[in-house]
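sequence first, then the predicted structure, then my questions.
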Amino acid sequence: MVKKLEVNDLRISFRTTSGILEAVRGISFDLEEGETLAIVGESGSGKSVTSRAIMGILAQNAIVEGGEIFYDGLDLLQIPEDVFHQLRGNNISMIFQDPLSSLNPIMRIGKQITEAMMANNKARRKEAKKNVNRIQKAIIDSCLKADSNSKIKEQMQTYNDYLKVGNRMASKYYDAISAVETIKRRGDDALIEAQGTSMDRVQEEIRETLGDFTRIYNPLTIPEKDTEIREIEEVLKANTNEKDLNKIKVNKGRLVDALTRLSARLDQVLNQKEVDFIAMAYKISSSSEEAVLQDFNETKNQQYIADFEAGFLSDFKQTIRAGVEYEDQRARNAVKEADKALGEVLTVLEDDFSIEYLKNQVEDLSKKIEATINSLSLHRDSLATTFSASLKRQIKNYEIESKELRNEENKQEERAETKGSQTTQEKLEVIRKNIFRLFYRLEKDYESRMANRRDADWHANQLVLYLEDQTRTHAYKVDKALAKSRAIAIMQEVGIDDARRRFTQYPFEFSGGMRQRIVIAIALSSNPDILICDEPTTALDVTIQAQILDLINNLKARRNLSVIFITHDLGVVANIADKIAVMYAGKIVEIGSVNEVFYEPAHPYTWALLSSMPDLETKEKLESIPGVPPNMVRAPKGDAFAERNRYALAIDYEQHPPFFDITETHKAATWLLHPKAEKVEPPKIVTERIKRSLNRGGENA
Amino acid sequence: MPSLEDKRKAIPDDVLLSVDNLKQYFKIKRNALKAVDGVSFDVKKGEVFGIVGESGCGKTTTGRSIIGLYDITGGDVFFEDKLINTGLPERQREIKEASRSGDHKKASELKDEYKKAVHEVNKNRKAIVHQNIQMIFQDPVSSLDPRMTIREIVSEGLIIQGEKNKKVIHDKVNKVLNQVGLLEEHADRYPHEFSGGQRQRIGIARAIIMEPKLIIADEPVSALDVSIQAQVINLLNELRESMDLTLIFIAHDLSVVKYFSDRIAVMYYGKIVELTTSDELFSHPCHPYTRALLSAIPSPDPLSEKTRERFHYIPAAAHDYSVEGPTLREVSPGHYVSCNSAEEERYKRDVFGL
């Protein structure tokens, strides 16, 4: 699995009038590709604050006390706003709780979905072109290095030509489709008028309908020679020029007939399948454009796609594959070398920690690590790129603190102990630990990377898809028609029926569930890797909630999204989460896979959450959690949950429990798991429910 | 149509609230939105009556119509045997129709009854409704005035009802605050100083200080965290026993209502589609909409949840009402389902094995 996001020891506080409120107190988790992580907790547990930190939208009075959030080689807490601006929405998207307040009430839905596409287009076009060029150059380089006789240069040139021709045709096609939509809407209005008793406004409506008529002609939508449409046009034209209203009334039958036929014909055009323009461009390269476009239909489309695959694409991929394999081999060697170097530095440091030695090694290390970064990878390497920067920062911190320490010693003063803060000695210790952690993490990262390599075919395929996607969606100008067609495709993807009509409606015309679908569509419109859902179903009914959950599940599978799902309701996440983190008072108290948390809960707080949850089978009274979450301005000493915990031990009031590992993936922070603690059983309501579920699960399996 | 007196006589003794053919239409542009369209049910003394349905089905409107927050379009609402709300527009329409068809005798009879009904409702509103029926609202944040202290909020009803003795008010407020699990010292604070669950407790305290016989709880827990939901549900259960309350509990989540209700009515687009005891509803759900609702409830069980099939209720596909329309029929004792005779047969056969 590829790690998408890594949060380490994140700490966030808020400046409030009553003091510093510790909202998040050191949480760590990983998010892997295609995985759903559910963060569950009561309101005020810090779950939303965490998600906002990942999005970089913390409130003004927030202080990030420490920690790291790694995404794509970048520490999101350190990067400047203009870099974050590129990521936000494009790579990490968010869905908020209340769909009504996250949509603009006075803007049509369509505008709201296409707005980001249009606005970002200009800036992103440059970026995308640069990226495409970089990747193409890298591909050519590595292919030539792998095999100096490679045909890659010519092939890449041909492929670019196909892309160019394909995109030009696509742009024309979408323009025609957009005109068809307009005509269809106006034509339907005219039809309603014509069917009515008074025909006063018919002429006006028809004139409007005819306004854009010439724009609908395109070989792929309605050929100019299409006799049926020509005939309808004649009928309509004849009626607009008629001055005598009575004559039109006599013509009523013919008019209604023509408009009905027009509507049906246009519907047919709008419902036709997507055309693969690049495959078509390939066909055009060998025969004339007219011949290809003539009598184009769905079977021909499939035919062209197959031809393209056989005639060009498979060869092209084969060539790229050689390059990928070469690159892969090189990267593997580099990783091994860097790993070895890391190991050496570590052994020296473990024996005798010397900052001077580390400083001397930094340059050498970073060179080796840089070599491991595969030039063909589409994303930056998450850890390696930031490793040396982080290391340098830690070294600098260490030096500052050591100087401080020396100063204190020189002055021979009693150490001024400020209330609650760490002493310099302790600070140094922390920094040293951080440095070691950096090393261990990079080592682990390398290990997992060596174990989870994808094969070259997958990579080659991914590269071609990337080139196509980038050129189609970003590298060329997105005009209104194109944006609209893409928006409608997304609306259909999130399950909005009759998307073409709904495109022009306002938010108030949608029900709550539909509005949430729109919000999801907007979040998906720029094709993010990570989707953060902050209580997306809390404001919805149970029936609608089930639908939205299904939708998120489907989208996740289809787009290989990584999802962070935030909720207060454990029941909601059983269906969609892969991993669950239970949060209380700014700390994760239990984290594990979905089955582990539901069937072997270990923390008393998880027990309490489970036992307070209503379900259909439990008959006995629900057990509520007594009291309220603590006020984090004055965070309690020891375990924050102790006050409300029936199973609290004496030590809970003294010291916060560390994480105890239960299995490799499952851990919980409670003293009950300490080897010396007495064994405690979860409440009856929970154990019985689990027993019942497992029995049923056994039957199903 | 039976007269007012006939209806009154038909109400059994153990019934506290009787709703008869309640209609509530709202005018939207030129069309009428039928929010509640012909709903009838009885609430017995001491029971908890649940109303469940998705948003927009008219469950809240039903609650608000009962307490008289709306002037209803049609139907009658009786508390014990006193008329507390009646649909004047429909009565007017009947009078008009009668006089237009030339039946002057009937018209004048209807006119008399209209006057009687208006008189009785006006009299009973203050004397009965304000004393005996209270409401708990959904959103604990917006239902409390932010500029009033808790003592002012809770005691407001008493003062409006004419209580002047400060000592009595003070003691009563302290008593109800204790009852809902708050402390006396909380009384002089403001709503923003409380958490969501505590605010909902204040809402409950405000309702029970009048010592009502009937409380209408309109989604009292849907705005709360799951852990707090259980607290509030348990509190309402305790109060119901200690104060001998009758409750109408409105919710969109069947699993919440289950812990609480003796009988449950499932509503869909302004109509009751199924009405029966709580156990019966969960063991023998008949109407496809009820089954769709049941299938949507999430459960804390990943193994079965991942394979679980959800039903979608699509009226056009689920019923064939082209020949015979649905009415509320008793498919087994005390179990009413909206269906036509073909469906009734089918439910009896499939669900009850008769």
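Great, that's in hand. Residues are numbered from 1 along each chain as shown, chains lettered A, B, ... in the order given.

low-confidence stretches in the stretch 501-650 of chain A?
Applying pLDDT under 70 to the stretch 501-650 of chain A flags the ranges A:618-619.

which pLDDT does the model give the residue lying closest to residue A:71 once chain neighbours are set aside?
Nearest residue to residue A:71 in three dimensions, chain neighbours excluded: residue A:5, at 5.3 Å (C-beta to C-beta, 6 or more residues apart in numbering or on different chains). Quick note: C-beta positions are derived from backbone N, CA and C, even for glycine. On the pLDDT scale, residue A:5 is placed at 88.

and residue A:5, how close does it get to residue A:31?
4 Å (C-beta to C-beta, to the nearest Å).

find the residues that touch each one of these two.
By C-beta atoms under 8 Å, 6 or more residues apart in numbering or on different chains, residue A:5 and residue A:31 have these common neighbours: A:530, A:562, A:564.

turn these into a markdown table, including distance to residue B:351.
Shown next, in a markdown table, are these (distance: C-beta to C-beta, whole Å):
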| residue | distance to residue B:351 |
| --- | --- |
| A:530 | 46 |
| A:562 | 44 |
| A:564 | 42 |
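
for those residues, which PyMOL command selects only the ones that are buried?
A single PyMOL command selects the buried members of the shared contacts of residue A:5 and residue A:31 (16 or more other C-beta atoms under 10 Å in any protein chain shown):
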select buried, chain A and resi 530+562+564
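
and which of the shared contacts of residue A:5 and residue A:31 is nearest chain B?
Among the shared contacts of residue A:5 and residue A:31, residue A:564 lies closest to chain B (C-beta to the nearest C-beta), at 17.9 Å.

not counting its neighbours along the chain, what's nearest the closest one?
Closest residue in space to residue A:564, ignoring its immediate chain neighbours: residue A:532 at 4.6 Å, by C-beta to C-beta, 6+ apart.

ok, residue A:176 next?
Here the residue nearest residue A:176, using C-beta to C-beta, 6+ apart, is residue A:218, at 3.6 Å.

circling back to that earlier point, any chance of the shared contacts of residue A:5 and residue A:31 in JSON lines with secondary structure as columns?
Shown next, in JSON lines, are the shared contacts of residue A:5 and residue A:31 (DSSP: H, G, I helix; E, B strand; the rest coil):
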{"residue": "A:530", "secondary structure": "strand"}
{"residue": "A:562", "secondary structure": "strand"}
{"residue": "A:564", "secondary structure": "strand"}
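
what's the local residue count around residue 232?
All of this is about chain A. Neighbours of residue A:232 under the rule other C-beta atoms under 10 Å in any protein chain shown: 20.

please go with chain B instead
Neighbour count for residue B:232, taken as other C-beta under 10 Å: 25.

give me the neighbour count for residue 148.
In the absence of a named chain, chain A is used. 7.

ah, no, chain B please
Quick note: residue B:148 (other C-beta under 10 Å) scores 14 neighbours.

could you do residue A:451 as well?
For residue A:451, using other C-beta under 10 Å, the count is 8.

in chain B, which residue is most central in space?
When C-alpha atoms, centre = their mean is applied to chain B, the residue found nearest the centroid is residue B:63 (4.0 Å).

need the contact list for that one.
Contacts of residue B:63 (C-beta under 8 Å, 6+ apart): B:51, B:135, B:216, B:218, B:248, B:250.

mind running it again at 7 Å?
B:216, B:218, B:248, B:250 (C-beta atoms under 7 Å, 6 or more residues apart in numbering or on different chains).

can you select the buried ones among these for me in PyMOL?
Per 16+ other C-beta under 10 Å, the buried members of those correspond to this PyMOL selection:
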select buried, chain B and resi 216+218+248+250
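
what's the farthest-apart pair in the contacts of residue B:63?
B:218 and B:248 (8.7 Å; C-beta to C-beta).

sorry, back to before: need the contacts of residue B:63 in TSV with secondary structure, can you?
Listed next are the contacts of residue B:63 as TSV, based on three-state DSSP:
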residue	secondary structure
B:216	strand
B:218	strand
B:248	strand
B:250	strand
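
tell me the one of the contacts of residue B:63 nearest chain A?
Distances from chain A to the contacts of residue B:63, taken by C-beta to the nearest C-beta, are shortest for residue B:250, at 12.7 Å.

beta-bridge partners for the closest one, please?
Taking DSSP bridges as the rule, residue B:250 bridges to residue B:51, residue B:218.

how about residue 22, secondary structure?
In the absence of a named chain, this looks at chain A. What three-state DSSP gives for residue A:22 is strand.

nope, chain B please
Under three-state DSSP, residue B:22 comes out as strand.

quick one, what contacts it?
B:36, B:39, B:62, B:65, B:72, B:75, B:77.

from those, which land in helices?
Cross-referencing the contacts of residue B:22 against helices under DSSP state H gives B:62, B:65.

which ones among the contacts of residue B:22 are found in strands?
Using DSSP state E, the subset of the contacts of residue B:22 located in strands is B:36, B:39, B:75, B:77.

how close does the last one get to chain A?
Just to be clear, that refers to residue B:77. 26 Å (C-beta to the nearest C-beta, to the nearest Å).

wait, that residue sits on residue B:71?
No - Residue B:77 is not in contact with residue B:71 according to C-beta atoms under 7 Å; the separation is 11.7 Å.

count of residues packed around the closest residue in space to residue B:258 that isn't next to it in sequence?
Leaving out its chain neighbours, the residue that sits closest to residue B:258 by C-beta to C-beta, 6+ apart is residue B:278, at 6.0 Å. Residue neighbour count, defined by other C-beta under 10 Å, stands at 18 for residue B:278.

what about the closest residue to chain B within the stretch 251-400 of chain A, which SS state?
Using C-beta to the nearest C-beta, residue A:267 is the residue of the stretch 251-400 of chain A that sits closest to chain B, at 21.8 Å. Assigned by three-state DSSP, the conformation of residue A:267 is helix.

who are the contact partners of residue B:253?
Contacts of residue B:253 (C-beta under 7 Å, 6+ apart): A:542, B:297.

per-residue pLDDT, the residue in the stretch 101-250 of chain A that chain B sits nearest to?
Nearest to chain B in the stretch 101-250 of chain A, going by C-beta to the nearest C-beta, is residue A:101, at a distance of 14.3 Å. Looking at residue A:101, its pLDDT reads 82.
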